[in-house]
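[1] turn this into a model:
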Amino acid sequence: SNLRKELLEKNQIVYLEYFPEKSKLFEQVAQATSIFILNKNKKTNKIELKNNLNDSLTNLDFKTISKIFPNLEIPFITKKEWMILEKLGKFKKINQIPKLRNRRGELDLSLLKNCITRKNTGYYLIRGIGIRENQIKTQEEFVDIEKFLRVKSIEYQKNDFKKIRITGQQISNIDADKRLKFAITEPNFILGNSCNYITVDESIDIHWILAQLNSYLLNWRFKITSSNNHINNYEIDDLPIIESKPKKFNDNLDEIQKNILVCNSFGLDLNETKQILKNHFKEIEISRNYKEMTS
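    Residues are numbered from 1 along each chain as shown. Got it, this is the predicted structure:
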């Protein structure tokens, strides 16, 4: 982040070109490479981006980059995808919404292993591996709650303990098509630190927040800048979220309807919605459901 700011804010980058591993720029070397042209001590205004992965060329304002990505990441995506990002950038991010608390799992599986027991205490231990989209698999692992609470803060006990929350995996394979997978927890679930969770204020529909977090739109947004197998809290914090649910939303909608409603709520038109969902649903289904969900 500091290096990007030094290059972009204190100098002028006018051209940036990306070569994927398969380009084989150098003999006997398989390494993705970026090449840029920089003028020292000048101001960056516009950058020409060349992506040899899909042979696309994009001209981008530096203001657009800095508005969407405060840490100045520059993903190699198409102009249409940058336009989608601009629309997402108009909405608040999770860390800007006081009614959402984004945290890592509350029980450190190493430091607090003495709190884990096979005796049924009524409080289930949930590990990241047991989380699926809209589903949590419990095992015969429980938490000695008295011992556990003795080491937890008053803030945690007030804001998170015994609350229904949204939880997701903290580790997700970078090559997986769907990286973000969230489910709603029960009040008696204690989450290991291989999970992330979001506590949602009662004034917000938790199912609407869940639908957004599980959407292909936010999964696409997350994958643009994720560079490893971790799903970090600061990456979740950077995701845009809409607090108020649309009138047509209810938890009985099927997967494609929920995804289209999320896309439409963020201002995506039909073509942009197809851009996000084309690898997951048939185009004719997207068009038909888009008309139904937006009429």
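
[2] show me where the chain has helices.
    2-9, 62-68, 79-88, 145-149, 154-159, 206-213, 216-225, 233-237, 255-265, 270-277, 283-294 (DSSP state H).

[3] residues in contact with the longest one: which ones?
    Contacts of helix 283-294 with the rest of the structure, by CB atoms under 8 Å, 6 or more residues apart in numbering, involve Lys248, Ile256, Gln257, Ile260, Leu261, Asn264, Leu270, Thr273, Lys274, Leu277, Lys278. Bear in mind the C-beta positions are built from the backbone N, C-alpha and C, glycine included.

[4] which regions of the chain lie under the pLDDT threshold?
    Scanning the chain for pLDDT under 70 picks out nothing.

[5] next, count neighbours for Tyr124.
    20 (other CB atoms under 10 Å).

[6] okay, Lys42 and Phe69: tell me how far apart.
    21 Å (CB to CB, to the nearest Å).

[7] which one of those two is surrounded by more residues?
    Phe69 (18 against 12).

[8] contacts only, for that one.
    Listed by CB under 8 Å, 6+ apart, the contact partners of Phe69 are Thr225.

[9] quick one on the thing from earlier: which one of the contacts of helix 283-294 has the most neighbours?
    Ile260 (30 neighbours).

[10] can you give me the distance of Phe222 to Ile126?
    21 Å.

[11] who's more crowded, these two?
    More crowded of Phe222 and Ile126, by other CB under 10 Å: Ile126, with 26 against 18.

[12] so what's the more buried one up against?
    Ile126 touches Gly105, Ile136, Thr138, Thr167, Thr185, Phe189, Ile190, Leu191, Gly192, Cys195, counting by CB under 8 Å, 6+ apart.

[13] let's see that with 10 Å instead.
    Residues in contact with Ile126, defined by CB atoms under 10 Å, 6 or more residues apart in numbering, are 105, 107, 136-139, 141, 143, 167, 183, 185-186, 189-192, 194-195, 197.

[14] take the residues you listed and keep only those in strands.
    With DSSP state E as the criterion, strands contain Ile136, Val143, Thr167, Ala183, Phe189, Ile190, Leu191, Cys195, Tyr197 from among the contacts of Ile126.

[15] would you point out the most distant pair within these?
    Maximum pairwise distance in these, criterion CB to CB, is 18.6 Å, between Val143 and Ala183.

[16] those two - which one has more neighbours?
    Comparing Val143 with Ala183 by neighbour count (other CB under 10 Å), the higher total belongs to Val143, at 25 against 21.

[17] so what pairs up with that one in the strands?
    Ile116 (DSSP bridges).

[18] what sits against Leu38?
    With CB under 10 Å, 6+ apart, Leu38 has these contacts: Leu7, Leu8, Asn11, Gln12, Ile13, Val14, Tyr15, Leu16, Thr44.

[19] what about the residue lying closest to Thr167 once chain neighbours are set aside, neighbour count?
    Nearest residue to Thr167, sequence neighbours excluded (CB to CB, 6 or more residues apart in numbering): Tyr197, at 4.3 Å. Tyr197: 25 surrounding residues under other CB under 10 Å.

[20] tell me who's in contact with Tyr197.
    Tyr197 touches 101-106, 126, 160, 163, 165-168, 170, 182, 185, 189, 191, 233, 236, counting by CB under 10 Å, 6+ apart.

[21] again with Leu253
    Neighbouring residues of Leu253 by CB under 10 Å, 6+ apart: His207, Ala211, Asn259, Ile260, Leu261, Asn289, Met293.

[22] what about the fifth one, distance to Glu6?
    Here the criterion is CB to CB. By it, Leu261 lies 42 Å from Glu6.

[23] likewise for the fourth one?
    Counting by CB to CB, the gap from Ile260 to Glu6 is 42 Å.

[24] how many residues are close by Asn39?
    Asn39, neighbours per other CB under 10 Å, totals 11.

[25] please name the nearest non-neighbouring residue to Ile129.
    Ser194 (7.0 Å).

[26] check the separation of the first and last residues in stretch 87-102.
    23 Å (CA to CA, to the nearest Å).

[27] how far is it from where the chain is centred?
    12 Å (CA atoms, centre = their mean, to the nearest Å).

[28] buried ones in that stretch?
    Buried residues in stretch 87-102, counted by 16 or more other CB atoms under 10 Å: Leu88, Phe91, Lys93, Ile94, Ile97, Leu100, Arg101, Asn102.

[29] next: stretch 107-122.
    Of the residues in stretch 107-122, those buried (16+ other CB under 10 Å) are Leu107, Leu112, Cys115, Ile116, Thr117, Thr121.
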